[in-house]
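Q: Return atomic coordinates for the entry below.
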Amino acid sequence: MSSTFFATVSRMKYIDRWALMRNSRTENLSEHSLEVAMIAHALCSLGNVRYGRDLDADRAALIGMYHDASEIITGDMPTPVKYYNDEIRKAYKEVETVAERSLVEKLPEDLRSVYENILLPKTPENPETAEKETYMRRLVKAADKLSALIKCIEEASAGNTEFRTAMQTTQKAVDQLAADLPEVRDFIEEFLPAYGNTLDELR
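A: Here you go, the predicted structure:
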């Protein structure tokens with residue numbers, strides 16, 4: 001039986017982010033998801049190497065790859081709308097869950113549990129495992145915010161003032177995460193400054 005799951009997921013490249021804003025360069029969902037996956041892996045690796053976390057960095061990268069896959073069905077709802085109030089946030093989360101379930105159902109039955117654990121994970125019963133999973137997911141969310149900040153930095157470097165307010169808001173959110181997550185602080189201090197540099201400056 002033919003499955004449409006991966007053909008559907010491949011359409012992430014047609015979903016543009018920051019749709020309500022003037023972009024110097026359009027960013028699609030595939031690009032964003034890859035960046036989130038790489039940063040999530042880096043954050044978990046920092047946690048393991050420097051802070052003894054014992055996190056599954058590979059799983060974090062995988063979750064980062066699929067973290068916005070539901071937007072293939074829902075589209076990218078602008079952040080100011082998505083988080084306008086608790087009622088809209090709750091309603092959007094429900095729509096998002098329905099979309100994620102719809103994606104899982106596009107898989108052959110014997111693969112559904114594998115991808116359900118990525119798109120619709122349950123909290124592990126073992127308290128220690130649950131704690132690690134929860135912390136790892138916090139780092140994936142932090143990677144998502146860092147990716148948004150990087151986009152703002154790149155737009156600012158291109159002379160686009162359209163992202164000025166978004167950059168201030170996102171920077172504040174990232175700073176709050178860094179105060180609680182040392183892995184985010186390390187990434188900001190060691191890796192973030194190079195973003196926005198020219199190719200020659202990166203050599």
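
Q: Which positions in the biggest helix by length in the chain come out as buried?
A: Selection of the longest helix in the chain by residue count, based on DSSP state H, yields helix 127-157. Buried residues in helix 127-157, counted by 16 or more other C-beta atoms under 10 Å: 132-133, 136-156. Glycine gets a C-beta too; all of them are placed from N, C-alpha and C.

Q: cool, stretch 26-35 as well?
A: Result for stretch 26-35 [16+ other C-beta under 10 Å]: buried residues 27, 29-33, 35.

Q: for this structure, what spans make up the strands?
A: Taking DSSP state E, the chain contains no strands at all.

Q: Could you list the low-pLDDT ranges of it?
A: Along the chain, the parts satisfying pLDDT under 70 run over 76-84, 92.

Q: give the contact list for the spatially most central residue of the chain.
A: The centroid of the chain falls nearest to Asp144 when counting by C-alpha atoms, centre = their mean (3.3 Å). Contact analysis of Asp144 by C-beta atoms under 8 Å, 6 or more residues apart in numbering lists 36, 64, 67.

Q: Reformat those into a markdown table and put neighbour count and distance to Arg22 next to each item.
A: Shown next, in a markdown table, are those (neighbours: other C-beta atoms under 10 Å; distance: C-beta to C-beta, whole Å):
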| residue | neighbour count | distance to Arg22 |
| --- | --- | --- |
| Val36 | 27 | 23 |
| Gly64 | 27 | 27 |
| His67 | 21 | 26 |
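
Q: Name the nearest of those residues relative to Glu116.
A: The shortest approach to Glu116 among the contacts of Asp144 belongs to His67, at 14.6 Å (C-beta to C-beta).

Q: any idea how far Ala40 is from that closest one?
A: Relative to Ala40, His67 is positioned 8 Å away (C-beta to C-beta, to the nearest Å).

Q: quick one: common contacting residues for the two?
A: Val140.

Q: so what's Glu116 up against?
A: With contacts defined as C-beta under 8 Å, 6+ apart, the neighbours of Glu116 are Val104.

Q: quick one on the thing from earlier: of the contacts of Asp144, closest to Thr165?
A: For the contacts of Asp144, the nearest to Thr165 is Val36 (22.2 Å; C-beta to C-beta).

Q: list the buried ones in stretch 162-173?
A: So for stretch 162-173, counting by 16+ other C-beta under 10 Å, buried means 162-163, 166-167, 170-171.

Q: Now tabulate the contacts of Asp144 in TSV and tack on distance to Ser45.
A: As requested, those are exported to TSV (distance: C-beta to C-beta, whole Å):
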residue	distance to Ser45
Val36	15
Gly64	13
His67	18
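
Q: which ones among the residues you listed are found in helices?
A: 36, 64.

Q: Which of the contacts of Asp144 sits closest to Asp110?
A: His67 (24.1 Å).

Q: Not counting sequence-adjacent ones, nearest residue to Arg50?
A: Asp186 (7.0 Å; C-beta to C-beta, 6 or more residues apart in numbering).

Q: And for Ala173?
A: Nearest one to Ala173, counting by C-beta to C-beta, 6+ apart, is Lys145 at 5.5 Å.
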